[in-house]
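# What shape does this take:
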Amino acid sequence: MKQFLLIIAVFFICSCKKEDQLTPSQPDNMVAISTNANSLAVASLAVINVKDQGAKGNGITDDTKAIRNALIYAKSHNIANIYFPDGEYMIGETGNGGGIIKLVDGVGMIGNGPTTCHIKLTGGRYNPNSIFYQEYIGTPFVGNLVIQGIDFNGNLALQKYDAYYQFCHALSINNGKNIEVKNCKFQNFRGDGLLFGDCFETKLNLRTVANVSVHDSEFFNIYREGTMFCAVNGAAFYNNNVHGDGYLVAGVDIERHSVNESVLNVSVYNNTFNFTDGYGPVERGGAKVRYRRAVSMGFFYGGYKNGIADSLSGHHKIYNNKIYQGQIDCWGMINVSITGNAIKNTYENISGVNFLTVPAINISDAAKTTGLINVVVNSNTISSAMMGNGILFNNYSQIQGNANIITGTLADAINLLGSSGNISNNTISDVGAINKPAAGIIISGNSSGLIISGNQGINTTSGKNRTMDYVVKIVSANNGKVVPKIMNNKGRNMLSGVISMYWLQLTFAQLINNLAN
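Have a look, this model is predicted:
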């Protein structure tokens, strides 16, 4: 037993006060595991060393069987983790459609860190399978596990694929709870780095994943999604770095596929999505571009039953992320908060490119859905030279778009299509172009009870170089029951004025104290 068992001392060192930091001595039978924690705790975890099951970690030997045996041994002996000493562990088996190595309920995987601990697919494969996966029948539940300190590498450049193929993931879990992934790297997969949840089930929530956290990790060159959350209730994605080539769908995708799923309570915060160092897949069609979705939330396919929104997709929070050459979108989900994000985009022509829209933040309806409500887009900073809007709301009510700072969009900064709610205290400057001026806020369609207040539009240039014509512009008939209220908005150096009414409804809106300054 002794040769199979190590005791790992995991030290979480408090960084608040230098004098409080600890440097404990380590007995010979203990191994230090690097962490990114910022609080003081000491824990001992029983582990099985994969090398005691025959793994070599030399970058040559096929270690698939040894890793599988270590997982099975740990489960049968109530050991919580398998441990990978520094090295490169090659996965040489091909597996089946589900994957290569079955995950085990209650057994995690720990390495010393992604710079020294590597798990890698061998090359020369055709449409390769995922590395780690949950088997539907044999392991109906996978949970209560930590995956930490490992670099997972799909070796994408040395594989061959059909154009449609996108199912080689690092880890795939479809039913379970209490899963933490931290201090890892996921790179070069023709699929997802991480996949949580299942889709297209025959019964409501037949399989679901709850209480997931993914943090302090790196995602690089991932073809489809860095992390996908579908059929999930309760997940957090934070302090991660997402970059490189790929991301056909998004850096993070929060997606509902059918009425028999719920996708709820996902938080994405304090991440960096930097797409300036890579390009989208060629399967997007059109030009090769860097601009991609950082975070996508959506319900597509068949959509809601009878076209009426239910309560099973939403309550997501997207906040304090830094995004370069990217966007946030929300299609048909409700009760969503998008706040405090910083988006910076330089111009790219994405005409003809599939799976992309041009607004920096896009809140839209993929169908003609009734009951799309309560999306908050507040306190974001958007500097985008893309052709689209800074923020687009389409067919949503009870919206908020407050205290955003928007500059440089080539189209109107905030676009309201058949949407109502409160758009207040936004600062908008230099949107539009000299040959095609734009407004700070543009309104079309029915917008019953819409309130536009306290917004400020600014041209920082003068004369013919000005690009903003109005602070608020109404461009179509509004048949809403309650007329819009437009008040206390200010325009500085506008080309044409502060407010522009639709020519057939010149007295429809309430205009109160809107001033040029």
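# Grab the CA positions of the helix or strand encompassing Asn69 and hand them over as PDB.
Using DSSP states H and E, Asn69 sits within helix 64-76. In PDB, the C-alpha atoms belonging to helix 64-76 read as follows (Å, rounded to 0.1, in the frame of the first residue of the first chain):
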ATOM      1  CA  THR A  64      -3.200   5.900 -21.100                       C
ATOM      2  CA  LYS A  65      -3.600   2.500 -19.300                       C
ATOM      3  CA  ALA A  66      -1.600   3.700 -16.300                       C
ATOM      4  CA  ILE A  67      -3.800   6.800 -15.800                       C
ATOM      5  CA  ARG A  68      -6.900   4.700 -16.200                       C
ATOM      6  CA  ASN A  69      -5.700   2.200 -13.600                       C
ATOM      7  CA  ALA A  70      -4.800   4.900 -11.200                       C
ATOM      8  CA  LEU A  71      -8.300   6.300 -11.300                       C
ATOM      9  CA  ILE A  72      -9.800   2.900 -10.800                       C
ATOM     10  CA  TYR A  73      -7.400   2.100  -7.900                       C
ATOM     11  CA  ALA A  74      -8.100   5.500  -6.200                       C
ATOM     12  CA  LYS A  75     -11.900   4.900  -6.400                       C
ATOM     13  CA  SER A  76     -11.700   1.300  -5.000                       C
END
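# quick one: buried residues of it?
Using 16 or more other C-beta atoms under 10 Å as the test for burial, helix 64-76 gives Thr64, Ala66, Ile67, Arg68, Asn69, Ala70, Leu71, Ile72, Tyr73, Ala74, Lys75. For glycine as for every other residue, the C-beta is placed from the backbone atoms N, C-alpha and C.
# next one: stretch 96-104
Quick answer for stretch 96-104 (16+ other C-beta under 10 Å): Gly98, Gly99, Ile100, Ile101, Lys102, Leu103, Val104.
# any idea how far the nearest residue to the second one once chain neighbours are set aside lies from Ile222?
Ranked by C-beta to C-beta, 6 or more residues apart in numbering and with sequence neighbours excluded, the top spatial neighbour of Gly99 is Tyr133, at 2.9 Å. Distance of Tyr133 to Ile222, computed by C-beta to C-beta, to the nearest Å: 17 Å.
# Who has more neighbours out of the two?
Ile222 (30 against 25; other C-beta atoms under 10 Å).
# Surely the more buried one touches Gln187?
Yes: taking C-beta atoms under 8 Å as the definition, Ile222 is a contact partner of Gln187 at 7.3 Å.
# Look up the residues that both of these two are in contact with.
Common contacts of Ile222 and Gln187 (C-beta atoms under 8 Å, 6 or more residues apart in numbering): Gly193, Gly244.
# Quickly list what the residue nearest to Gly99 is bridged to.
Lys102, Ser172 (DSSP bridges).
# Quick check on Lys464: phi, psi?
When read as degrees, to the nearest 10, the backbone of Lys464 gives phi -70, psi -10.
# and the residue nearest the centre of the chain, what pLDDT?
Nearest to the centroid of the C-alpha atoms of the chain, with distances taken as C-alpha atoms, centre = their mean, sits Val252, at 2.4 Å. Here, the pLDDT recorded for Val252 equals 98.
# List the contacts of it.
Val252 neighbours (C-beta under 8 Å, 6+ apart): Glu225, Gly226, Thr227, Met228, Phe229, Phe237, Val242, Val268, Asn271, Ala294, Val295, Ser296.
# Now the closest residue to it other than its chain neighbours: which helix or strand?
Spatial nearest neighbour of Val252, excluding adjacent residues (C-beta to C-beta, 6+ apart): Val295 at 4.9 Å. Using DSSP H and E, Val295 sits within strand 292-299.
# list the helices and strands that strand packs on?
If you count contacts as 3 or more C-beta pairs under 8 Å, 6 or more residues apart in numbering; DSSP states H and E, strand 292-299 packs onto strand 250-256, strand 313-319, strand 326-331.
# contacts for the helix or strand that the shortest one is followed by?
Right, strand 326-331. Sequence-wise, the next helix or strand downstream of strand 326-331 (DSSP H and E) is strand 334-339. Outside strand 334-339, the residues that touch it by C-beta under 8 Å, 6+ apart are 297, 309, 311, 313-320, 328, 330, 361, 363, 371-380.
# Now a PyMOL select for only the buried ones of those residues.
Provided next is the PyMOL selection string for whichever of the contacts of strand 334-339 are buried by 16+ other C-beta under 10 Å:
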select buried, resi 297+309+313+314+315+316+317+318+319+320+328+330+361+363+372+374+375+376+377+378+379+380
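# ok, now how distant is the residue nearest to the centre of the chain from Arg224?
Taken as C-beta to C-beta, the span from Val252 to Arg224 is 12 Å.
# and what of Gly314?
23 Å.
# before we move on, what about Asn425?
From Asn425 over to Arg224 the distance is 38 Å, taken as C-beta to C-beta.
# Quick check: bridge partners of the residue nearest to the centre of the chain?
Bridge pairing for Val252 - DSSP bridges - gives Thr227, Val295.
# try Leu392
Applying DSSP bridges, one finds that Leu392 bridges with Asn362, Asn415.
# Dump stretch 351-360 to PDB, restricted to CA.
Only the C-alpha atoms of stretch 351-360 are listed here, as PDB (Å, rounded to 0.1, in the frame of the first residue of the first chain):
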ATOM      1  CA  SER A 351     -18.900  41.100 -44.000                       C
ATOM      2  CA  GLY A 352     -19.800  37.500 -45.000                       C
ATOM      3  CA  VAL A 353     -18.300  36.000 -41.800                       C
ATOM      4  CA  ASN A 354     -20.600  33.400 -40.200                       C
ATOM      5  CA  PHE A 355     -21.600  33.200 -36.600                       C
ATOM      6  CA  LEU A 356     -20.700  36.800 -35.800                       C
ATOM      7  CA  THR A 357     -22.600  40.000 -35.200                       C
ATOM      8  CA  VAL A 358     -21.000  43.400 -35.100                       C
ATOM      9  CA  PRO A 359     -22.400  45.000 -31.900                       C
ATOM     10  CA  ALA A 360     -20.000  45.000 -28.900                       C
END
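# list the buried ones in it?
By neighbour count on 16+ other C-beta under 10 Å, the buried set for stretch 351-360 is Val353, Phe355, Leu356, Thr357, Val358, Pro359, Ala360.
# Can you tell me which of those is nearest Asn174?
Phe355 (24.0 Å; C-beta to C-beta).
# List the residues that contact the closest one.
By C-beta under 8 Å, 6+ apart, the neighbours of Phe355 are Leu248, Val249, Arg284, Arg293.
# Please repeat the previous calculation with a cut-off of 10 Å.
Phe355 sits next to Tyr247, Leu248, Val249, Ala250, Gly280, Pro281, Glu283, Arg284, Gly285, Arg292, Arg293, Ser296 when contact means C-beta atoms under 10 Å, 6 or more residues apart in numbering.
# Can you tell me, leaving aside adjacent residues, what's nearest to the first one?
Going back to what we said before, that points to Tyr247. Closest to Tyr247 by C-beta to C-beta, 6+ apart is Arg292, at 4.9 Å.
# where's the one you found relative to Gly197, distance?
22 Å.
# and Gly463, what are its phi and psi?
According to degrees, to the nearest 10, Gly463 has phi 60, psi -140.
# err, Phe275, not the other one
Phe275 adopts backbone torsions of phi -100, psi 20, taken as degrees, to the nearest 10.
# what's the burial count for it?
Neighbours around Phe275, by other C-beta under 10 Å: 26.
# ok so, going back, which of Asn425 and Arg224 has more neighbours?
Comparing Asn425 with Arg224 by neighbour count (other C-beta under 10 Å), the higher total belongs to Arg224, at 22 against 17.
# Quick check: the more buried one touching Pro281?
Yes: assessed by C-beta atoms under 10 Å, Arg224 is found in contact with Pro281 at 8.6 Å.
# what touches both of the two?
Each of Gln166, Arg190, Gly246, Tyr247, Leu248, Val249 lies in contact with both Arg224 and Pro281 under the rule C-beta under 10 Å, 6+ apart.
# In strands only, show me those.
Taking DSSP state E, the ones among the shared contacts of Arg224 and Pro281 that sit in strands are Gly246.
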